[in-house]
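[1] 3D model of this:
(2 chains)
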Amino acid sequence: MTARLQTIAISKQYDSVTALSPTDLDVRDGEFLTLLGPSGSGKTTLLQILAGLVEPSGGQLLINGRDATHTAAGERGIGMVFQSYALFPHLSVWENIAYPLRMRKMDKAAMATAVKDALEMVQMGSYAQRLPRELSGGQQQRIALARCFVYKPSVILLDEPLGALDKKLREHMQSEIRSLHKDLGATFIYVTHDQEEALNLSDRICLMNQSKIEQIGTPQDLYDRPATAFSAQFIGYSNLFSGRVEKQSGDDGIRLNNGRFSVPIQIPPHLPVHVLMPAASDIALVIRPEEARLANVDEAYVRGTVREVVFAGSDFRVLVDIGESQPFLLRCARREAPAPGDTVGVMWNPAHTAVVTC
Amino acid sequence: MSTSSFPASALRKSLRAWLPALPCLLFLISFFCLPVVEILQTGMVNADGHVTLDQFRRMTKDLVFAKVLGNTFLISGLTALLSVVLGFPIAYFLSQLSDKFRERWMIWIMVPFWTSYLVKTFAWILVLSKTGILLTLAVSLGLVDDPQALAPSMTGVMIGMVHAMLPLAVINMLPIMRGVNAQLLQAAATLGANRSVAFFSVFLPMAAPGIAAAGLLVFITSLGFFILPALLGTPKETMVAQLVISAINDMFNLPYAAALSTILLIFAVAVFMLYDKLVGLSSLSGDTRAAPKRNSATAVTTALIWIGRVCGSGYGAAAPVLTHVKGLKLYSVLTVALLSLPIIVVFPIAFTNSPFLSFPPQGFSLRWFEAFLFSPVWQSSFLRSFGVAIVTALASTALGIGAALALTRLPGRWTKPVFAFLLAPLIVPRIVVAVGLFYLFSRMGLVGTDLGLTIGHTVLAIPYVVVTMAAALKRFDWRLDDAAKILGASAFARLRTIQLPMMIGSVAAALQMAFIISFDELTIAIFVSGGMKNTLPKQMWDDMILQVNPTLAAVSLVMVIVIALLVLLPALFNASKASRRCE
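    Next comes the predicted model:
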């Protein structure tokens, strides 16, 4: 796949505040890439630079291999869906969707067909003469989408487009956006702070933190093989043990020791061994709640007291106090649920855990 | 990478930000700064070109001047105090109304507000003079035996001044009062405060900046008044602006007039700086978050709570007014009626058959309208005023929109000084601008020309346009502009298809205000028209000084109708838009 859009050390500085550290990002043709991160992580700044709404302080932006760092927003062949939808309140739905076509001086007949097709694509064909304020939130969202793809931009940017909708409608619109992506074949770049939304929609997730990229990968990559403690904690829930690596005599392999207990770990292929050696910086072991299980106190890796048992429908969530600052969270079947105060052991398969740098 | 890698684009960007403001800034520098600076200079340079304070020394020795200055401050200060005190209950009442009802009420504030000072003064002459309506009524009812004229007198001046300034005070108090979150008062109620205590300890401190703003603006505006004291007062009530006019028109003493203007200017600027410190300039463009900057001292809060308790105890003097909206409403209806009534009394007199201004009017005739319509002098002055006002409205709106647009794009550190500069013609007393322009135009050959008048009026109208458009741009959702940008619209296309259509109401309001300011303007006209090319207000002024006559009533009626139509137009426009929205 070719890079549809590429940034080279692109950055943004507001006086003394770094909104975006120099960032390299390749966006592949036709992919659905999500910029995910907490507020203030730089994802919106990056999106606005791509859109041409914010002038970068440094670096370069290539679109289809050509330099577009200083190209005007309207000439980049990019579409954008705003968080507030930004529908023109004084124009009808039809005029809103026709707007980009008018700016491109499309002839009347072709314009009417294009607007009609776009409206039908979002199932809003009968709303053409309404004003934006006469539509519900979800309907406005559809019109914003239609206005964006009516002029067939090859890249569509979506800035938290579902943020203003309630949970049920959000889930429905997610599936509509996914099918639109499939139908249009355009490259989607989607900003959200909702990790669940990112996991549901994306081909790849670009996780951002503190104005730079933390990790890029498929949703499964990020979930199964987080590269940093931040990644592990931002996506899904993780139990984290930080400590130092020690090599034990015998065939037991490498272990992680934090002074209170020592557990076996497997070196992930992307981390070279020397990083994990005792002299190196701290690392952390990531154990997802669903990978751990309650076990016999004697054979378990760690032991503790059950602090809380929370009913979660299909199963129970058990919080075990193991002497760390955070209790260990795991799931267990309804019939195996312990009672608060029980002493229990916790086990997991070292192959289903991840090791990250702190 | 550092920012220095894009120096060219940064320069281009800052140029682009300044560009829309340039015509307006250049215009103001040429026709506002230059004349005013020249005036300051004239006051301090003697015939040999040496810097001297002779003019000012002369003033300190001059008892008349000291008296006039004292008068000016006394009248302006009293006017500010009374306008705020009398206007506060109305502003409070209006702030508690729903938008729909407030808009209806505002018409009754705005029409008197925009009605010409000349018309208002003329009306008060009719009401207060020895043969006026008030005394005629009082005598016929047997209330007074020995009629003592209320005008000319100090009382007459104060009645006229407060009547003229009350709407300005209300308009300036209202936004900040509306900004006080109603939930705060509810919160106070849940915490144990009754209505009265909540009003004094929560509402009043939060509305305080608005009250201060209203008082200071009324004070600044009053400083430069001359119409009212000249026509409603005796020579004892002479104000500084009158001295300036007589220094030029009667004594031909420009340096003295310049020195007097300097004094006025210094006080106006000082008061305005106080305004900026207390309320902040941005409040003028609708930034009205009610937020006292400092914490009030505990003692103040305690005192306010105590006052609230006393007044709210059910027997306190203010309780009926504050706790019952009905009392407030009655007060507001009465006050608003008093704002309009004097203007309305002009109407019947315009149809009198008698050559004298007597009340009740005798007979019915249209002779005074005929006198107005068929007199070449009145005809040409009316047409001139109309033409100058239209060109002024278009020019100042075009210049002002550019400046207001630039204000949104300029780097933060520039916005405030540029905004203050654009507002300066509002702060500097008109008489100072007028004298300065007279001096400048006399050398350019623009005295007695319509162009000179238009330039002068445009200078005065620009601040109003800038304030209106800056407020509209502040409310404007720039994400819509971003959206249009991405959809491929050029800067001009965005102005045409997004910005102007969405702000059409504000553009209309700016045009309307600029038109009224010009149509109504007297000060510049007195100096710049050169006595040959009179505008309608100038012609009225000349007639009024000479001899009041029923033609003036007819002219006043025409002026009130023109102004009222203009004020009502946007309200009607909004109403039709609102009804469309409701469908």
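
[2] gap between the helix or strand hosting A:Leu33 and the chain center?
    Per DSSP states H and E: A:Leu33 is located in strand A:32-36. A distance of 6 Å separates the C-alpha centroid of strand A:32-36 from that of its chain, computed with CA atoms, centre = their mean, to the nearest Å.

[3] and the helix or strand following that strand, how far from the chain's centre?
    Once strand A:32-36 ends, the next helix or strand along the chain (criterion: DSSP H and E) is helix A:43-51. The chain centre lies 15 Å from the centre of helix A:43-51; the measure is CA atoms, centre = their mean.

[4] before we move on, back to that, tell me the angle of the strand holding A:Leu33 relative to helix A:43-51?
    140 degrees (axes from the mean of the first three to the mean of the last three CA atoms, to 10 degrees).

[5] B:Ile524 contacts B:Ala434, correct?
    Yes - between B:Ile524 and B:Ala434 there is a contact at 4.7 Å, judged by CB atoms under 8 Å. Bear in mind the C-beta positions are built from the backbone N, C-alpha and C, glycine included.

[6] can you get me a residue count around the residue of the stretch 151-300 of chain A found nearest chain B?
    Nearest residue of the stretch 151-300 of chain A to chain B (CB to the nearest CB) works out as A:Tyr151 at 7.4 Å. Neighbourhood size, A:Tyr151 [other CB atoms under 10 Å in any protein chain shown]: 19.

[7] any chance you could map the strands in the stretch 251-358 of chain A?
    A:254-257, A:262-264, A:283-287, A:292-295, A:302-311, A:316-321, A:328-332, A:343-348, A:354-357 (DSSP state E, counting those that start in this stretch).

[8] between these, which gets the lowest average pLDDT?
    The weakest mean pLDDT among these belongs to strand A:254-257, with a mean of 78.

[9] what's the angle between the helix ranked longest in chain A and strand A:32-36?
    In chain A, assigned by DSSP state H, the helix with the most residues is helix A:167-184. Helix A:167-184 and strand A:32-36 are oriented at 140 degrees to each other (the same axes, to 10 degrees).

[10] what is helix A:167-184 packed up against?
    If you count contacts as 3 or more CB pairs under 8 Å, 6 or more residues apart in numbering or on different chains; DSSP states H and E, helix A:167-184 packs onto helix A:137-149, strand A:187-192, helix A:195-201.

[11] most tightly packed of the strands of the stretch 251-358 of chain A?
    strand A:283-287 (a mean of 23; mean count of other CB atoms under 10 Å in any protein chain shown).

[12] nearest spatial neighbour of B:Val465, chain-adjacent residues omitted?
    B:Gly400 (2.9 Å; CB to CB, 6 or more residues apart in numbering or on different chains).

[13] oh, that last question was meant for B:Phe267, not what I typed.
    B:Leu223 is the one closest to B:Phe267 (CB to CB, 6+ apart), at 6.3 Å.

[14] what's the burial count for the one you found?
    Neighbour number of B:Leu223 under other CB under 10 Å is 25.

[15] which residues does it contact?
    Listed by CB atoms under 8 Å, 6 or more residues apart in numbering or on different chains, the contact partners of B:Leu223 are B:Thr72, B:Ser76, B:Val240, B:Ala241, B:Leu264, B:Phe267, B:Ala268, B:Val271, B:Pro429.

[16] quick one: the fifth one and B:Arg430 touch, right?
    The reference is to B:Leu264. No - B:Leu264 is not in contact with B:Arg430 according to CB under 8 Å; the separation is 10.0 Å.

[17] lowest-confidence helix or strand of the chain?
    Picking chain A for this. Among the helical and strand segments of chain A, the one scoring lowest on mean pLDDT, DSSP states H and E is helix A:273-276, with a mean of 56.

[18] not what I meant, chain B
    Quick look at chain B via mean pLDDT, DSSP H and E: least confident is helix B:319-323, a mean of 48.

[19] rewinding a little: mutual contacts of B:Ile524 and B:Ala434, please.
    With CB under 8 Å, 6+ apart, B:Ile524 and B:Ala434 have common neighbours B:Gly456.

[20] which positions in the helix or strand where B:Asp543 lies come out as buried?
    Assigned by DSSP H and E, B:Asp543 belongs to helix B:536-546. Within helix B:536-546, the residues that count as buried by 16 or more other CB atoms under 10 Å in any protein chain shown are B:Leu536, B:Pro537, B:Lys538, B:Gln539, B:Met540, B:Trp541, B:Asp543, B:Met544.
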